[in-house]
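Visitor: 3D, please:
(chains A and B)
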Number of protein chains: 2
Amino acid sequence: MRPSRRGLFAIGGGLIAAAGTTFAAHPASVGQEHEPRVEPANSIEAFWGVHQGGIVTPPQNHCYFAAFDLTTERRDDVVQLLRTWTDAAARLTSGQTAQPPVEAADAVAADSAEALGVAPSRLTLTFGFGPGLFMKQGKDRYGLAAARPDALVDLPRFNGDQLVAEKTGGDLSIQACADDPQVAFHAVRQLARLTYDTAQLRWAQTGFRSPPADGGTPRNLMGFKDGTQTPEQIDRAIWVGNEGPAWMRGGSYLVVRRIRMALEHWDRTEVSFQEQTIGRHKYSGAPLGRKGEFEPLSLERNDADENPIIPEGAHVRLANAAANGSADMLRRGYSYNDGVNFTAERWPPWRQGMEYDAGLLFICYQADPRTSFIRSFEKMAKFDMLNQFVTHTGGGLFACPGGVREGEFIGQDLFAQA
Amino acid sequence: MRPSRRGLFAIGGGLIAAAGTTFAAHPASVGQEHEPRVEPANSIEAFWGVHQGGIVTPPQNHCYFAAFDLTTERRDDVVQLLRTWTDAAARLTSGQTAQPPVEAADAVAADSAEALGVAPSRLTLTFGFGPGLFMKQGKDRYGLAAARPDALVDLPRFNGDQLVAEKTGGDLSIQACADDPQVAFHAVRQLARLTYDTAQLRWAQTGFRSPPADGGTPRNLMGFKDGTQTPEQIDRAIWVGNEGPAWMRGGSYLVVRRIRMALEHWDRTEVSFQEQTIGRHKYSGAPLGRKGEFEPLSLERNDADENPIIPEGAHVRLANAAANGSADMLRRGYSYNDGVNFTAERWPPWRQGMEYDAGLLFICYQADPRTSFIRSFEKMAKFDMLNQFVTHTGGGLFACPGGVREGEFIGQDLFAQA
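Guide: As a prediction, the model looks like this:
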């Protein structure tokens, strides 16, 4: 018997319903950020639609982010890959196996089975196109060079960047988010298997977030609440409109950065210094000079000595779109934790040794990275006081097309047009 | 305001209770393996007791395993470290900060705060002593050499071992398990901070397990149910009795192995071949030739061609204590997922490239590793058909002393005796 994932969890459905719901309280439901949400473990996020899932979907607790290099030279192979990925993603996000089950035992299975019986866990799969899809090493492999959006720039080198090639870039990306880590990884693994001869994994990164019991804003590994601020006009901030190519309408640009935190260093600093660095109070999450987490930043207010209450180099000031002259974006980051690695600290306590390889898998979505992430981070990379505690070690920029209707495939309009 | 972790989640307690319980159904509750359990998110595992927690505790969904090198030469420092770790562990497992909060903002905080407000998540902390505590590079640093238990051997080199020094060994170990990954890491991070000048992290590994919706046996990344078989006489199998030194009574020996799985290779094999390799049916988990997951292995039965139904080289046959002449042990493994790494495959599909660095963080507990893990794995390392899909890349052996009463510290009897 080869049950579908849905078949199996349907059996357990009664149990789930009886036992209650998951503890997955998601605070950052866009537009409802003050109302904690509790999602049932077996809930399913819609796959077909105007937008891809995984962008404004309330953040799930686990992420597996993967970037691929295309190894084929044939445009038809890329079309077939996207068709395969779209069909499989529709199945996977609804809790089914990646492909219809193969019944014969003497065949390679259509699914590696490690998610069998595990609840759908709100899986979303978000696909992105890197610059390499359009032009790679000066070569227009798929006849798409002319269709490359202006907004899909090559990310500039930022001050302090220590990007590792094996964790950077990629022709295609998949962001898999789910409330279960095995479900997220399972999905990418099936997609990679199905297109083994067309695309190969370039890098991948797991991430997690741990919502507080009261459903409030989760804390990152620096111990500060992360994700308090969301764009006021979310639709305008993240979705590409008529200013972009038709195939990007309803889509968004994804910037991902693997940011190592020098946690040993951070943990040895005074709380008041940490608060000056971030620009918020550590325990309440309130901006400096305020009481409540969701109060506005006091960017113009000075203290008794005529110094700004939120320092010029504080992270929240530099990250604030209005203050830095950039456009808003939606942050959707996860913590990552890859054990320990041999590291030479650039700051006190200067030492060489095994230190945490842990930090933030920063993910953001925006309508145009040139005016959002790039503009704001160029300034932050130079002046953010936080820089002495963080190092960007990888990442990329990907154009995530709009969502599709059943029967279509992700990026279909790009290939129809170009 | 610097609330304790308990203080914060107490506020949310009503919400949790109202919203129901977590979906953390734990199948492998020792002695009750057929009854799925649903644990409330805010439950707390006892710290003080005859045995350390985290051994027979029903497995939590996340693990952070850390091994430390002692950097001090002074015995008193080691005693102080163990006292500090014990006191902090008692606080942390009960949902408090590692140390009483420091009120002054112009001080380094007693806790890095990323677990503030997150439910206690059944955190357990299990401490182990590696050979290096007793003797390192021929040096008896702490006057404990004579007290080294016979059972705490140096693990032999096994056939196929490809252990990396930076992921192997250690003088001390902490296994942190919790239903939340941030809670598990947070605990180790606090303990590491408190003893920064006495011990340094040598290696660390995250792990996870994803219980099915129906509470059954979780599947590992090979897609097979993992953990079906538990020792029949659990107490006898894992706890050290009068045969060991007094300070190890009620304790257990921990073997941990970081086992990379060649998932790309595995995924290209036929299900029937996978089942012959494991010795179980993939979907039901039943032993070959049986219908039910929990039926006994048919080790003596042959098929129509007079071949054993469970092949001689099948994993379950070689792992079976009765069949391989070894003593039972309790497995407590987690999957791990460290993204992708450049890898040269030793088996088909032969290739070099980025492949998953994912697999099993194998953890087992036993009364004597010489007759349990070592005896059984020496045979398995040579003959297990699974070997062509797995590579041991790190690990260690640690003596985990018995539990302690409030006011004592872990390992106190060792230092009182030696």
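Visitor: switch to C-alpha atoms for all contacts and neighbour counts from now on
Guide: OK.
Visitor: tell me the helix or strand right after whichever helix or strand residue A:273 is part of.
Guide: Per DSSP states H and E: residue A:273 is located in helix A:271-278. Note on helix A:271-278: by DSSP H and E, the next helix or strand toward the C-terminus is helix A:315-319.
Visitor: name the helices or strands packed onto that next one?
Guide: Secondary-structure packing of helix A:315-319 (3 or more Cα pairs under 8 Å, 6 or more residues apart in numbering or on different chains; DSSP states H and E): helix A:271-278, helix A:321-324, helix A:373-383.
Visitor: show me which residues of that helix are buried.
Guide: A:315, A:316, A:317, A:318, A:319 (16 or more other Cα atoms under 10 Å in any protein chain shown).
Visitor: as TSV, those with pLDDT would be great.
Guide: Output for these, formatted as TSV (pLDDT from 0 to 100):
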residue	pLDDT
A:315	96
A:316	95
A:317	95
A:318	94
A:319	93
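Visitor: pLDDT weak spots in the stretch 1-150 of chain A?
Guide: Within the stretch 1-150 of chain A, the stretches with pLDDT under 70 are A:1-41, A:103.
Visitor: isn't residue A:248 right next to residue A:398, touching?
Guide: No - the pair residue A:248 / residue A:398 is not scored as a contact, 11.5 Å apart, by Cα atoms under 8 Å.
Visitor: and those two? Which one has more around it.
Guide: residue A:398 (30 against 24; other Cα atoms under 10 Å in any protein chain shown).
Visitor: just checking, that one touches residue A:126?
Guide: No - using Cα under 8 Å, residue A:398 makes no contact with residue A:126, being 10.6 Å away.
Visitor: so what sits against both of these two?
Guide: Here residue A:398 and residue A:126 share the contacting residues residue A:173, scored by Cα atoms under 8 Å, 6 or more residues apart in numbering or on different chains.
Visitor: am I right that residue A:388 sits in a helix?
Guide: Yes - Residue A:388 sits within a helix when classified using DSSP: H, G, I helix; E, B strand; the rest coil.
Visitor: burial of it, as a residue count?
Guide: 17.
Visitor: how about the helix holding residue A:273 against chain B, any contact?
Guide: Yes - contact of helix A:271-278 with chain B (Cα under 8 Å from any Cα of the partner chain) involves A:271, A:272, A:273.
Visitor: in TSV, list the helices and strands packed on helix A:315-319 along with mean neighbour count and mean pLDDT.
Guide: Below are the helices and strands packed on helix A:315-319 laid out as TSV (neighbours: other Cα atoms under 10 Å in any protein chain shown; pLDDT from 0 to 100):
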stretch	mean neighbour count	mean pLDDT
helix A:271-278	22	96
helix A:321-324	14	86
helix A:373-383	18	96
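Visitor: for residue A:71, find the nearest of these.
Guide: Closest to residue A:71 of the helices and strands packed on helix A:315-319 is helix A:373-383 (Cα to Cα; 29.0 Å).
Visitor: okay, the closest one in PDB with CA atoms only?
Guide: Provided in PDB are the C-alpha atoms of helix A:373-383 (Å, rounded to 0.1, in the frame of the first residue of the first chain):
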ATOM      1  CA  PHE A 373      17.300  46.400   0.000                       C
ATOM      2  CA  ILE A 374      20.200  47.800  -2.000                       C
ATOM      3  CA  ARG A 375      19.600  51.400  -1.100                       C
ATOM      4  CA  SER A 376      19.100  50.800   2.500                       C
ATOM      5  CA  PHE A 377      21.800  48.200   3.000                       C
ATOM      6  CA  GLU A 378      24.500  50.300   1.200                       C
ATOM      7  CA  LYS A 379      24.100  52.700   4.100                       C
ATOM      8  CA  MET A 380      23.700  50.100   6.700                       C
ATOM      9  CA  ALA A 381      26.800  48.200   5.600                       C
ATOM     10  CA  LYS A 382      28.900  51.300   6.300                       C
ATOM     11  CA  PHE A 383      27.300  52.800   9.400                       C
END
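Visitor: show me what it is packed up against.
Guide: Counting by 3+ Cα pairs under 8 Å, 6+ apart, helix A:373-383 packs on helix A:315-319, helix A:321-324.
Visitor: possible to save the ones you listed as CSV with distance to residue B:183?
Guide: Formatted as CSV, the helices and strands packed on helix A:373-383 follow (distance: least, Cα to Cα, whole Å):
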stretch, distance to residue B:183
helix A:315-319, 26
helix A:321-324, 32
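Visitor: so which of the ones you listed comes closest to residue B:277?
Guide: Of these, the one closest to residue B:277 (Cα to Cα) turns out to be helix A:315-319, at 53.8 Å.
Visitor: show me what that closest one is in contact with.
Guide: A:277-280, A:297, A:299, A:310-312, A:323-324, A:376-377, A:379-380, A:383-386.
Visitor: same thing but at 6 Å, please
Guide: Here helix A:315-319 makes contact (Cα atoms under 6 Å, 6 or more residues apart in numbering or on different chains) with A:278, A:279, A:324, A:380, A:384.
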